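K.L.:
Just need the structure, nothing else, for what follows:
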Amino acid sequence: MKRAFTLVEVLVVLAIIALLASILFPIFSQAKEAAWSVSCQNNLRQMGIAWEAVILDNGGVVPHTFSVSVNQWDGLLVKAAGLAINPNGPTIGCPIAPKAFGDLPPVLTSYAVNPLWRVDKPAGDNEGQPWGRLVSPSTYPLFADAAAIATLTPPALFKYFGVAYGTDWRIGFIHSDDTANVAYGDGHVEAEKRDVLQVATDTLGRPLWLFNRDPFGDLAMLP
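P.N.:
The predicted structure follows:
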C-alpha cells in the first residue's frame, strides 16, 4: 500500500518550488531582456548599413530628410533596406519599445536620428553635408532608441534628438541599467548610459551631450 504524502511534505515541496522559481524567474527575465537588447543592436547595425546605401544613392551627400513625406530619413532607410511596411507597429523597432511605451502606432521605426549633419549649411539649402567630411565617425551618435512624446495619447516617439532640442534628451533609456542603444557614424553600436552621453557642461552649468557637436567641424560643443 502506497503511503500518501503528509501535509508537511507537500508544503516542503511547494516551498522548494517557490524558492527555485524566485531564483530562476529573474534569471529568465534578464536573459530575455538581454536577447531583446541584442536584437535592438542588430537593428541599429542594419540601419547603419541602409544609411550608407541612402548616402551612396545621393552621391555621397546626406539627403534632405525634413520634409513631411516618404522621403524622411526613416522612409529612406526602410526603402534602402527593402523592407515591407508593417501596418501594425514599427517596421524597424526595438523589441523592448512596446513594453516601455505600450502599443505603438504603425510608425516606420522606434528609433531617433541625430540631425546635425545639416549644421553650417546656408539657409534654404535642402541638402546635408557630404558624409565623407564627418570628422570623427566613431564618436558621432547617429541613431538611438527614441523617447516617448509624453503629451500624446496614444503614445508616439520622437524622430530626432540633438542640439535642436536643447537639453531635452529625446533618447529612450529603456534597456536594463537605464541604458540606450546608440549607433555611431562608423557603424558600431553601444549600450550607453546618460553619464557617458553627457560629456560636459556649458558656462551656465547646462548639460552638453555627446550629440551636441558639429560633426563636420572641430567637434566643438554647440551652444
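K.L.:
State the mean pLDDT of stretch 42-57.
P.N.:
Averaging pLDDT along stretch 42-57 yields 90.
K.L.:
ditto for stretch 92-105
P.N.:
Stretch 92-105 carries an average pLDDT of 81.
K.L.:
Phi first, then psi, for Gly82.
P.N.:
In terms of degrees, to the nearest 10, the main-chain angles of Gly82 are phi 70, psi 30.
K.L.:
and it, how far is that from Leu11?
P.N.:
Gly82 sits 59 Å away from Leu11, going by CB to CB, to the nearest Å. No exception for glycine: its C-beta is placed from N, CA and C like everyone else's.
K.L.:
what's stretch 80-98 in contact with?
P.N.:
33, 36-37, 39-40, 43, 46-47, 49-51, 53-54, 57, 74, 77-78, 103-111, 145-146, 157, 172, 174-175, 181 (CB atoms under 8 Å, 6 or more residues apart in numbering).
K.L.:
circling back to that earlier point, between Gly82 and Leu11, which is the more surrounded one?
P.N.:
Neighbours per residue, other CB atoms under 10 Å: of Gly82 and Leu11, the larger number sits with Leu11, 11 against 8.
K.L.:
Please report the distance of Trp51 from Ala18.
P.N.:
To Ala18, Trp51 is 49 Å away according to CB to CB.
K.L.:
quick one, which of these two is more surrounded?
P.N.:
Trp51 (23 against 10).
K.L.:
Are we agreed that the more buried one is in a strand?
P.N.:
No - read with DSSP: H, G, I helix; E, B strand; the rest coil, Trp51 is helix and lies in no strand.
K.L.:
Can you tell me the closest non-neighbouring residue to it?
P.N.:
Using CB to CB, 6 or more residues apart in numbering and skipping residues adjacent in sequence, the residue nearest Trp51 is Leu77, 6.4 Å away.
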